[in-house]
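In: Next input, structure requested:
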Amino acid sequence: MINTNISEKIIDNKVSYSLHEKEFKEIKKIYELILLYYVLKTNTDYNNALSSNQITSLLNNLLADSSLMNDNDEYTPFSERTINRKLTQLVNLSANPSMSEDCSSDLLSSIIMGGVVKTKNANGVDKKGYALRNDKAKRQKRYYFEPVLTSGDMNMIIGSILSNRYLSQPEQDYLVKRLQILHECNDYDSAYFYNEEGTKGVDSISNLPPLPMRPENHTNQPVPPLPVDSVQLLAHIQTLNDAIKKRNQIEITYGIYDADNQKNRNRITFTERATSILNPYALMWNNGGYYLIAANIKHSNPTNYRVDRIISVKIHSEKNEAGAIVYPTWKEVPTTLKDFFTLKGKKTLIFDSIAYANRYPNMRISQTQNLIDLKIECTSWSLQILVDAFGTNIKIEPSPMEHSEDELDYNGKPQQFYVATVRKVQYDNARDFCLAHPQYLTALAPVELVKDVKNILSESVKKLERVK
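Out: Down below sits the predicted model:
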């Protein structure tokens, strides 16, 4: 173990004497764990795992050569048995992180060093492929350091921040700067911070326009304010998530964008539409927005609500006959949603958001379900639009329709045409999807949908002809 003299050099002597013995032992324990993490972080990775014996040797050599040691210091080396015990603690922590009193030092050390300890076996194999079962050294457990966030994780998180339209530019800058601190401390190879020339690269990334935010200081900016900012949005999501888990009813105030007919007719404003009591069933991302799937308690048919347009939300409460406050709950999922839920255990409902988005690609729920098998003709290029909307669960076959040879792709070659079939799409969603991409996709079936698309496009042409 490290003697008291060395540990005292980490903190001011006056401070150490004022600490209770228990607190001082805790600081000493954290120091020892950080040293162990340091040895693992600087000497190991998944492909270079070490045995406890090797780790013990490296740690003792580090302490023996450390500038912390003076000639008068007595150094008691760590035993392999002690290191084995500490490594087991840290491996268990990585599998089950907890803030319990027993592992608070382990967890704090893990946070400081930005990683966890993992194990792997090092079974040896001879040239013929047979395991060297009698070679004890080869079968010995190996340990290595794994960063909490890898370079790939870091890139993905930064990309998510930069593409999140709910965050304002100052909020994006704030979060990216905090991640840059992690980047500098942990030597992440993030493409977002440095390009090939070694200069910062975040500024070179373009983004879609952010969703309109509330004007600062009530200034008359030419953008409509959102009902909530990102902090309120996250608070609403937390409330909704809690309500879904507990099956509580909720009370929301929802809003819509409209022309400001009272003060400034050439400006869009956000106005309250209604306050409703809902049964909330699920939350999901789709089309770049956060949606709540819920049903008004007065109706059985569910509706999709954009979470960023919810002005306020709270758990609904009522008074019973005795005058006590109660929180009503919903009992079961409506028939129109049952296909998207599976029961895990006795109470937990798992929502299939992918199947839901396939049925309602435009997130529009109509009064009638009317599910159809949608057939669309597409090219190799426009197939990408279908995959973005429905995923890869699409049946593809060559198109039987004739096309002229002058229909070329972007390489100047004749295009390959396909018929794509998507099963069980809600009719109104399918129709609106086809109308959104008429220049790239051609509706083929069912017949009534093709007629609907033709009629709507014809009416649109008539309206355009009136434009001068």
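In: Residue 77 contacts residue 60, correct?
Out: Yes - using Cβ atoms under 8 Å, residue 77 is in contact with residue 60, at 4.5 Å. To be clear about C-beta, it is placed using only N, CA and C from the backbone, and glycine gets the same treatment.
In: Between these two, point out the one with more neighbours.
Out: residue 60 (18 against 15; other Cβ atoms under 10 Å).
In: Spatially nearest residue to residue 349, not counting backbone neighbours?
Out: residue 341 (4.8 Å; Cβ to Cβ, 6 or more residues apart in numbering).
In: and the one you found, how many neighbours does it have?
Out: For residue 341, using other Cβ under 10 Å, the count is 16.
In: repeat for residue 288
Out: Other residues within reach of residue 288, judged by other Cβ under 10 Å, total 11.
In: And for residue 279?
Out: Residue 279 has 25 nearby residues by other Cβ under 10 Å.
In: Residue 241 too?
Out: 13.
In: can I assume it is in contact with residue 284?
Out: No - the pair residue 241 and residue 284 does not pass the contact test of Cβ under 8 Å, sitting 11.8 Å apart.
In: what ranges do the strands span in the stretch 201-350 of the chain?
Out: 250-259, 268-286, 289-296, 303-306, 310-315, 318-319, 325-326, 341-344, 348-351 (DSSP state E, counting those that start in this stretch).
In: Now render those strands as CSV, adding mean pLDDT.
Out: Output for the strands of the stretch 201-350 of the chain, formatted as CSV (pLDDT from 0 to 100):
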stretch, mean pLDDT
strand 250-259, 84
strand 268-286, 86
strand 289-296, 90
strand 303-306, 90
strand 310-315, 91
strand 318-319, 91
strand 325-326, 92
strand 341-344, 87
strand 348-351, 87
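In: Can you say which of these is packed in most?
Out: Neighbour counts (mean count of other Cβ atoms under 10 Å) averaged over each of the strands of the stretch 201-350 of the chain peak at strand 289-296, with a mean of 21.
In: got the CA positions of that one in PDB?
Out: What follows is strand 289-296 as a C-alpha-only set of coordinates in PDB (Å, rounded to 0.1, in the frame of the first residue of the first chain):
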ATOM      1  CA  GLY A 289     -39.500  16.100 -34.600                       C
ATOM      2  CA  TYR A 290     -40.500  14.700 -31.200                       C
ATOM      3  CA  TYR A 291     -44.100  13.300 -31.100                       C
ATOM      4  CA  LEU A 292     -46.400  12.200 -28.400                       C
ATOM      5  CA  ILE A 293     -48.900   9.500 -29.300                       C
ATOM      6  CA  ALA A 294     -52.000  10.000 -27.200                       C
ATOM      7  CA  ALA A 295     -55.800  10.000 -27.200                       C
ATOM      8  CA  ASN A 296     -58.200  12.600 -25.800                       C
END
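In: so what secondary structure elements neighbour it?
Out: Where contact means 3 or more Cβ pairs under 8 Å, 6 or more residues apart in numbering; DSSP states H and E, strand 289-296 is packed against helix 230-246, strand 268-286, strand 303-306.
In: Quick one: closest of the ones you listed to residue 42.
Out: Counting by Cβ to Cβ, residue 42 lies closest to helix 230-246 out of the helices and strands packed on strand 289-296; the figure is 37.1 Å.
In: ok, and what's touching the closest one?
Out: 166-168, 171, 228, 248-250, 280-283, 290, 292, 307-308, 310, 313-315, 329 (Cβ atoms under 8 Å, 6 or more residues apart in numbering).
In: what helices or strands is the longest helix belonging to the chain leaning on?
Out: Longest helix of the chain, by residue count under DSSP state H: helix 21-43. Helix 21-43 sits against helix 4-8, helix 52-65, helix 80-95, helix 104-113, strand 115-121, strand 141-147, with contacts defined as 3+ Cβ pairs under 8 Å, 6+ apart.
In: Flag the shaky bits of this structure, pLDDT-wise.
Out: Along the chain, the model assigns pLDDT under 70 to residues 1-24, 66-75, 97-105, 112, 122-139, 182-230, 259-268, 367, 406-413.
In: The helices and strands packed on strand 289-296 into JSON lines, with extra columns for distance to residue 51?
Out: Output for those, formatted as JSON lines (distance: least, Cβ to Cβ, whole Å):
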{"stretch": "helix 230-246", "distance to residue 51": "44"}
{"stretch": "strand 268-286", "distance to residue 51": "45"}
{"stretch": "strand 303-306", "distance to residue 51": "55"}
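In: closest to residue 383 out of these?
Out: Using Cβ to Cβ, the helices and strands packed on strand 289-296 put strand 268-286 closest to residue 383, at 20.0 Å.
In: Give the other helices and strands that that closest one contacts.
Out: Strand 268-286 packs on helix 230-246, strand 250-259, strand 289-296, strand 348-351, helix 353-359, going by 3+ Cβ pairs under 8 Å, 6+ apart.
In: I'd like these as CSV, with distance to residue 269 appended.
Out: Converted to CSV, the helices and strands packed on strand 268-286 look like this (distance: least, Cβ to Cβ, whole Å):
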stretch, distance to residue 269
helix 230-246, 18
strand 250-259, 6
strand 289-296, 20
strand 348-351, 34
helix 353-359, 31
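In: and residue 468, which of these is closest to it?
Out: Nearest of these to residue 468, taken as Cβ to Cβ: strand 250-259 at 24.0 Å.
In: Other residues contacting that closest one?
Out: So strand 250-259 is contacted by 224, 227, 239-240, 243, 265, 267-278, 280, 294, 305, 309-316 (Cβ under 8 Å, 6+ apart).
In: and what of stretch 392-404?
Out: Under Cβ under 8 Å, 6+ apart, the answer for stretch 392-404 is 358, 377, 383, 386-387, 414-423.
In: Out of those, which sit inside strands?
Out: Judged by DSSP state E, the subset of the contacts of stretch 392-404 located in strands is 377, 417-423.
In: Tell me the buried residues within those.
Out: Buried by 16 or more other Cβ atoms under 10 Å: 377, 417-420, 422, out of the ones in strands among the contacts of stretch 392-404.
In: ok, so of those, who is nearest residue 350?
Out: residue 422 (23.2 Å).
In: which residues sit in contact with the closest one?
Out: Counted by Cβ under 8 Å, 6+ apart, residue 422 has contacts 358, 373-374, 376, 386, 390, 393-394, 430.
In: Kindly reformat those residues as a markdown table containing distance to residue 454.
Out: Shown next, in a markdown table, are those (distance: Cβ to Cβ, whole Å):
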| residue | distance to residue 454 |
| --- | --- |
| 358 | 25 |
| 373 | 19 |
| 374 | 16 |
| 376 | 15 |
| 386 | 20 |
| 390 | 23 |
| 393 | 28 |
| 394 | 24 |
| 430 | 14 |
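In: and which of these is nearest to residue 89?
Out: The closest of the contacts of residue 422, once distances to residue 89 are taken by Cβ to Cβ, is residue 393, at 45.2 Å.
In: Quick one: classify that closest one as helix, strand or coil.
Out: coil (DSSP: H, G, I helix; E, B strand; the rest coil).
In: Residue 400 now?
Out: Per three-state DSSP, residue 400 ends up coil.
In: May I have the phi/psi pair for it?
Out: Dihedral angles of residue 400 (phi, psi; degrees, to the nearest 10) stand at phi -80, psi -10.
In: What about it, how many residues nearby?
Out: Residue 400 is flanked by 9 other residues according to other Cβ under 10 Å.
In: Against residue 364, how distant is it?
Out: Residue 400 sits 31 Å away from residue 364, going by Cβ to Cβ, to the nearest Å.
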